[in-house]
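Colleague: pasted the sequence and its predicted model underneath.
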Amino acid sequence: MTPLPTSTILASLGQAAFVWDIATDTITWSDHIGTVFPELAPASLASGAEFAKLIEPQRTIRDDALHLPPPADRANGVFYRIEYAVRAATTAAPVWIEETGCWYAGPDSRPARAQGVIRINNERHAAEEQLLKLSRNDALTGELNRTHLIAALAETIEEAQRFRTSCAFMLIGIDHLARINDAFGFDVADGVIAEVARRVRARLRGGDVLGRFSGNKFGLILKNCTVDDMTVAAERFLAAVRDEVVPTRLGPVSVTASIGAVSVPRYARSTDEAINRAHETLDAAKRRRAGAFAAWRPNVERDAQRRVNIRVTDEIVTALNERRITLAFEPVIEALARKPAFYECLVRMEQEGGKLLLAPDIVPVAERLGLIRLVDHRVLELVVAELAAAPQVSLSLNISPDTTMDTDWWASIESLMRANPSVAERLIVEITETVAIQDIDDLRGFVTRLKNLGSRIAIDDFGAGYTSFRNLRKLAVDIVKIDGAFVQNIASSSDDRAFVQTLIDLARRLKIKTVAEWVQDEAAAAMLRDWGCDYIQGRLIGLASAERPWQDKGETVLPAAG
């Protein structure tokens with residue numbers, strides 16, 4: 001078999017050899033150069049200067065490679081490897097070249113000759129470009145990813161401050177995406193996300209920046225945008241999403257989006273401020289209705305409340321660390337015998353200076369700011385300590401909805417019950433009614449575990465939400481506490497009387513004990529007793545007090561647990 005010529009092999013590999021006489025700037029190529037560069041005129045390949053005119057992005061890259069220190073032995077060349085693009089014409093696509101060679105010095109130690117091989121390397125460069133794109137862009141939508149979106153936002157805010165221009169940052173959230181996931185599957189939901197991105201992208205101006213902020217949210221930077229412009233633009237994007245259904249492989253899907261926006265740098269002078277305030281207004285828009293728009297505005301009352309929240313949060317954490325969380329005890333008595341049945345334990349917080357914060361001042365803030373779990377843990381410790389010290393007493397404690405799913409709380413109560421075996425049967429755990437309707441299946445497991453310990457379960461504030469008696473039967477709760485808002489006016493309101501009497505009758509049929517809260521006077525107490533209510537509590541009986549009513553006056557007061 002006749003061996004193939006070297007030039008034929010090089011041509012098949014997209015390569016060509018060259019010798020460059022640097023002194024005369026003449027380049028001699030292997031004879032198949034026209035096959036490698038069919039679109040380049042021979043004159044443009046004849047000299048280093050002409051060839052450099054085709055090179056981008058840096059025309060001097062070949063000359064720069066010759067400026068390395070010359071070898072000590074002129075017989076040995078200086079190796080180099082460079083990469084550049086060659087473009088035959090302004091409108092032509094670039095051809096990426098990898099050049100590998102050696103240059104040799106002349107008598108004056110300066111480059112006199114270079115020789116090597118060039119290789120077309122479009123595939124590798126395309127792969128590198130793709131990797132770079134993936135590092136910058138979201139794989140699903142092709143828009144900027146969160147990291148580069150935030151970087152672009154920081155740059156925009158800096159430019160706006162420097163040139164005193166007005167811009168806007170928007171968060172666009174797809175409404176109810178979880179429902180689409182559940183109804184059609186994640187692949188359809190991904191298609192919806194991609195289509196929303198396409199529709200928003202089609203309505204951007206030149207210079208605006210779009211990126212995927214999170215799963216169902218897009219971030220949008222609108223440059224040179226006033227507050228009025230921002231409102232007009234938001235409606236344009238909302239209409240783009242809602243006006244046409246999104247076609248999917250499983251059929252059309254109706255989609256809406258909500259938008260929260262903030263003007264920068266007027267109302268946000270950093271990326272954190274812009275993102276937080278856009279998030280805040282997006283949440284406000286979603287609470288109003290799906291497909292709404294809200295723009296951030298200063299709010300004196302909101303800011304004042306946040307300062308209060310920060311102060312109270314600090315006070316709660318400090319009080320927990322310094323064991324200044326205490327209990328007050330409100331009696332719950334038998335409606336017929338008028339003797340104590342149990343005491344409800346209500347959280348109190350001692351402030352510096354002796355003032356007490358009550359549960360309504362503590363619990364809502366602790367729930368909003370994620371501290372309620374710590375408060376509930378401390379209250380549990382205190383209640384168990386009281387029960388262990390007073391074997392004749394039954395106590396109830398309230399827990400937050402979040403605590404029903406807190407594995408650490410479960411570990412604590414199980415540990416405390418093992419250490420104090422007689423306590424469980426005298427403990428009543430009160431759960432707010434809203435939990436019962438929202439998480440009925442999970443709550444059943446919670447109730448079952450508590451009852452297996454020997455404790456009783458009460459549903460607090462019954463009637464304030466939407467829990468049905470059917471759910472009460474499924475949960476097998478022991479006690480229903482009727483919301484005081486219906487009890488306090490039963491002496492004067494026929495509607496409230498009918499409601500409370502019906503609740504008591506239904507509970508009795510289900511063999512569930514009832515407690516009427518906020519009992520104000522003897523007339524109300526007599527009605528409740530006649531209707532068959534089991535227990536009453538409220539101002540008539542006695543409000544919460546730090547005193548332990550079950551103790552004799554001469555007994556030593558029980559110290560706080562911990």
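Modeller: Done, it's in.
Colleague: show me where the stretch 1-150 of the chain has strands.
Modeller: In the stretch 1-150 of the chain, the segments counted as strands under DSSP state E, counting those that start in this stretch are 15-21, 26-29, 55-56, 78-86, 95-105, 111-120.
Colleague: dump these to TSV, plus mean neighbour count.
Modeller: In short, each C-beta sits where N, CA and C put it, glycine included. Formatted as TSV, the strands of the stretch 1-150 of the chain follow (neighbours: other CB atoms under 10 Å):
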stretch	mean neighbour count
strand 15-21	19
strand 26-29	16
strand 55-56	15
strand 78-86	17
strand 95-105	19
strand 111-120	19
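Colleague: mean pLDDT and distance to residue 447 added to these, as JSON lines?
Modeller: Below are the strands of the stretch 1-150 of the chain laid out as JSON lines (pLDDT from 0 to 100; distance: least, CB to CB, whole Å):
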{"stretch": "strand 15-21", "mean pLDDT": "91", "distance to residue 447": "76"}
{"stretch": "strand 26-29", "mean pLDDT": "92", "distance to residue 447": "86"}
{"stretch": "strand 55-56", "mean pLDDT": "88", "distance to residue 447": "72"}
{"stretch": "strand 78-86", "mean pLDDT": "89", "distance to residue 447": "69"}
{"stretch": "strand 95-105", "mean pLDDT": "89", "distance to residue 447": "68"}
{"stretch": "strand 111-120", "mean pLDDT": "89", "distance to residue 447": "72"}
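Colleague: switch those over to JSON lines; also include distance to residue 430.
Modeller: Shown next, in JSON lines, are those (distance: least, CB to CB, whole Å):
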{"stretch": "strand 15-21", "distance to residue 430": "81"}
{"stretch": "strand 26-29", "distance to residue 430": "90"}
{"stretch": "strand 55-56", "distance to residue 430": "74"}
{"stretch": "strand 78-86", "distance to residue 430": "72"}
{"stretch": "strand 95-105", "distance to residue 430": "72"}
{"stretch": "strand 111-120", "distance to residue 430": "77"}
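Colleague: assign the nearest residue to residue 535 once chain neighbours are set aside to helix, strand or coil.
Modeller: Nearest non-adjacent residue to residue 535, counting by CB to CB, 6 or more residues apart in numbering: residue 515, 4.3 Å away. Classification of residue 515 by DSSP: H, G, I helix; E, B strand; the rest coil places it in strand.
Colleague: what sits against residue 515?
Modeller: 332, 458, 479-482, 533-537 (CB atoms under 8 Å, 6 or more residues apart in numbering).
Colleague: what sits against the nearest residue to residue 30 once chain neighbours are set aside?
Modeller: Leaving aside its chain neighbours, residue 30 sits nearest to residue 17 (4.4 Å; criterion: CB to CB, 6+ apart). By CB under 8 Å, 6+ apart, residue 17 lies in contact with 10, 29-30, 115-117.
Colleague: taking the contacts of residue 515 one by one, which sit in strands?
Modeller: 332, 458, 479-482, 535-536 (DSSP state E).
Colleague: make a markdown table out of those and add distance to residue 135 and pLDDT.
Modeller: Converted to a markdown table, the ones in strands among the contacts of residue 515 look like this (distance: CB to CB, whole Å; pLDDT from 0 to 100):
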| residue | distance to residue 135 | pLDDT |
| --- | --- | --- |
| 332 | 63 | 97 |
| 458 | 56 | 93 |
| 479 | 59 | 95 |
| 480 | 58 | 93 |
| 481 | 57 | 94 |
| 482 | 60 | 93 |
| 535 | 65 | 97 |
| 536 | 67 | 97 |
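Colleague: I'd like the residues you listed laid out as CSV, including distance to residue 50.
Modeller: Formatted as CSV, those follow (distance: CB to CB, whole Å):
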residue, distance to residue 50
332, 99
458, 92
479, 95
480, 94
481, 93
482, 95
535, 101
536, 103
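Colleague: ok, which pair from those residues is furthest apart?
Modeller: 458 and 536 (14.2 Å; CB to CB).
Colleague: which element, helix or strand, includes residue 413?
Modeller: In this assignment (DSSP states H and E), residue 413 forms part of helix 407-419.
Colleague: residue 507: which of the contacts of residue 515 is nearest?
Modeller: The closest of the contacts of residue 515, once distances to residue 507 are taken by CB to CB, is residue 480, at 5.2 Å.
Colleague: show me what the helix holding residue 413 is packed against.
Modeller: helix 372-389, helix 440-453 (3 or more CB pairs under 8 Å, 6 or more residues apart in numbering; DSSP states H and E).
Colleague: C-terminal to it, what's the next element?
Modeller: Taking DSSP H and E, what comes next after helix 407-419 is strand 427-432.
Colleague: partners of that following strand, with directions?
Modeller: With DSSP bridges as the test, strand 427-432 is paired with strand 395-399 (parallel), strand 456-462 (parallel).
Colleague: can you add mean neighbour count and give the ones you listed back as TSV?
Modeller: TSV is the format used below for these (neighbours: other CB under 10 Å):
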stretch	mean neighbour count
strand 395-399	23
strand 456-462	23
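Colleague: circling back to that earlier point, out of the ones in strands among the contacts of residue 515, which one sits closest to residue 359?
Modeller: For those, the nearest to residue 359 is residue 481 (14.8 Å; CB to CB).
Colleague: now for that closest one, how many residues are close by?
Modeller: 27 (other CB atoms under 10 Å).
Colleague: residue 420: neighbour count?
Modeller: Around residue 420 there are 16 residues (other CB under 10 Å).
Colleague: against residue 431, how distant is it?
Modeller: With distances taken as CB to CB, to the nearest Å, residue 420 is found 22 Å from residue 431.
Colleague: residue 53: which of the contacts of residue 17 is nearest?
Modeller: Of the contacts of residue 17, the one sitting nearest to residue 53 (CB to CB) turns out to be residue 29, at 16.6 Å.
Colleague: residues touching the nearest residue to the closest one once chain neighbours are set aside, list them.
Modeller: Leaving aside its sequence neighbours, residue 29 sits nearest to residue 18 (CB to CB, 6+ apart; 5.1 Å). When contacts are counted by CB under 8 Å, 6+ apart, residue 18 touches 27-30, 101, 115-118.
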